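Chemist: Build me a structure from this.
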Amino acid sequence: MAANELHQDGIFPSKSRINNKIGRIVFLETEIRQEWKGIVEELGYDINRYKKNKP
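Modeler: Just a heads-up that it's a prediction; the model follows:
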């Protein structure tokens with residue numbers, strides 16, 4: 001949910017921004033980091049560049 005909210009505000013949903021929004025560190029588990037990558041890619045970002053993909 002935090003990733004979607006940041007995205008809707010035009011902000012790349014980085015791990016640190018999500019941690020700040022939630023108010024705690026949530027990326028300690030490998031599975032959580034993998035899920036984050038999938039969500040960010042679904043939102044249209046190239047995870048390797050941290051830039052929004054153009055359609």
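Chemist: from here on, contacts and neighbour counts on C-alpha atoms
Modeler: Fine.
Chemist: in the chain, which spans are strands?
Modeler: Under the criterion DSSP state E, the chain carries strands at the ranges 45-46, 51-52.
Chemist: which stretch in those is the model least sure about?
Modeler: Within those, confidence is poorest for strand 51-52, with a mean of 54 (mean pLDDT).
Chemist: show me where pLDDT drops low in this structure?
Modeler: Within the chain, the stretches with pLDDT under 70 are 50-55.
Chemist: In it, what residue spans correspond to helices?
Modeler: Listed in chain order, the helices of the chain (DSSP state H) span 2-8, 15-22, 30-42.
Chemist: Those into CSV, with extra columns for mean neighbour count and distance to R49?
Modeler: Shown next, in CSV, are those (neighbours: other C-alpha atoms under 10 Å; distance: least, C-alpha to C-alpha, whole Å):
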stretch, mean neighbour count, distance to R49
helix 2-8, 16, 16
helix 15-22, 15, 14
helix 30-42, 14, 11
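Chemist: The residue positioned nearest the centre of the chain and I25: what is the separation?
Modeler: Closest to where the C-alpha atoms of the chain average out (C-alpha atoms, centre = their mean) is P13, at 3.5 Å. Per C-alpha to C-alpha, to the nearest Å, P13 is found 14 Å from I25.
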